[in-house]
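Colleague: missing the sequence, but the structure's below:
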């Protein structure tokens, strides 16, 4: 029997925060699992962890979650808080069997806006962020998990987030040079802020921990916007990527249909609208 979410060379996961939103989170996890995807969550403090852990007995496999509660990369107090809440998050990740814990350039509020906006990243902020991430990587090594640093767009969704561009996140991850710190390459955010997605994937390939996707504009499932995700999927396979691709998008209509569209986009060789259910 193939592993949960296996689709050709990739493993497919779905963010439970953004689909089946009419249902309680535990029911969302159940529906995503029934459709044969792995599951991603955001802030674990908002969830009943025991209920989510119990769903593992029904076959739920959790792929990633937010790996901190508060803190930031660039100031000493924020870095200490980031490390402390990352350690708390590791304990939850181990309870849920989650291998990847997601980080951002700074803490985000409930609307995805930075708790402390940074209008300009200064030269001194780069080594400060690197030192914080080195500490994070050591924490990951100690506990056998991988932290992933996600790129975010400042133009539409996350104004004021430092180190938001994919190339900035990649530079930080490369500078640390640890197997326990990787890049969460979000192609939705990258399309808005940078574009040239296939070459971006190629450049980042040695450091990618996971790829997340949604279409532009609208942040809905593949096929609703301008990104040619089937071409991206073929290119990823050609360059040897065999990791996890996570759908972090809203459903443009029916959530189950959105998940089927996601699967079609990353099923190599499928042409047209039919494809696997």
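Modeller: Everything's here; your move. From a predicted model like this one, the values you see are computed outputs, not experimental measurements.

Colleague: make it CA atoms for all contacts and neighbour counts henceforth
Modeller: OK.

Colleague: Which elements pack onto the top helix by length along the chain?
Modeller: Using DSSP state H, we find that the single longest helix of the chain is helix 76-96. Under the contact criterion of 3 or more CA pairs under 8 Å, 6 or more residues apart in numbering; DSSP states H and E, helix 76-96 touches helix 49-54, strand 62-66, strand 100-103, helix 125-143.

Colleague: Give the buried residues for that helix.
Modeller: Residues of helix 76-96 classed as buried under the neighbour-count rule (16 or more other CA atoms under 10 Å) are 78-83, 85-87, 89-90, 92-93, 96.

Colleague: picking that back up, quick one: which of the helices and strands packed on helix 76-96 is nearest residue 166?
Modeller: strand 100-103 (13.1 Å; CA to CA).

Colleague: picking up where we left off before, in JSON lines: the buried residues of helix 76-96, plus pLDDT.
Modeller: JSON lines is the format used below for these (pLDDT from 0 to 100):
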{"residue": "78", "pLDDT": "92"}
{"residue": "79", "pLDDT": "95"}
{"residue": "80", "pLDDT": "97"}
{"residue": "81", "pLDDT": "96"}
{"residue": "82", "pLDDT": "96"}
{"residue": "83", "pLDDT": "97"}
{"residue": "85", "pLDDT": "97"}
{"residue": "86", "pLDDT": "98"}
{"residue": "87", "pLDDT": "98"}
{"residue": "89", "pLDDT": "98"}
{"residue": "90", "pLDDT": "98"}
{"residue": "92", "pLDDT": "98"}
{"residue": "93", "pLDDT": "98"}
{"residue": "96", "pLDDT": "98"}
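
Colleague: What does the pLDDT read for residue 274?
Modeller: The per-residue pLDDT reported for residue 274 equals 40.

Colleague: meant to ask about residue 277, not that
Modeller: For residue 277, pLDDT reads 36.

Colleague: hmm, back to that, dump the helices and strands packed on helix 76-96 into TSV; add mean neighbour count and distance to residue 7 as well.
Modeller: Formatted as TSV, the helices and strands packed on helix 76-96 follow (neighbours: other CA atoms under 10 Å; distance: least, CA to CA, whole Å):
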stretch	mean neighbour count	distance to residue 7
helix 49-54	15	24
strand 62-66	26	15
strand 100-103	26	20
helix 125-143	18	28
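
Colleague: quick check, distance from the longest helix of the chain to the centre of its chain.
Modeller: 17 Å (CA atoms, centre = their mean, to the nearest Å).

Colleague: Just list the residues touching residue 173, thanks.
Modeller: Counting by CA atoms under 8 Å, 6 or more residues apart in numbering, residue 173 touches 133, 149, 181-183, 207.

Colleague: my guess is it is in a strand, correct?
Modeller: No: assessed with DSSP: H, G, I helix; E, B strand; the rest coil, residue 173 is helix; it does not lie in a strand.

Colleague: That one and residue 129, how far apart?
Modeller: Between residue 173 and residue 129 the computed distance is 10 Å (CA to CA, to the nearest Å).

Colleague: would you list every one of the helices in the stretch 151-277 of the chain?
Modeller: 166-176, 187-193, 197-204, 229-238, 255-265 (DSSP state H, counting those that start in this stretch).

Colleague: so where is the stretch 151-277 of the chain shaky, pLDDT-wise?
Modeller: 270-277 (pLDDT under 70).

Colleague: 50 instead, please
Modeller: 271-277 (pLDDT under 50).

Colleague: quick revisit: what comes into contact with the longest helix of the chain?
Modeller: Residues contacting helix 76-96 (CA under 8 Å, 6+ apart): 44, 49, 52-53, 56, 62, 65-73, 99, 101, 132, 135-136, 139, 143, 145.
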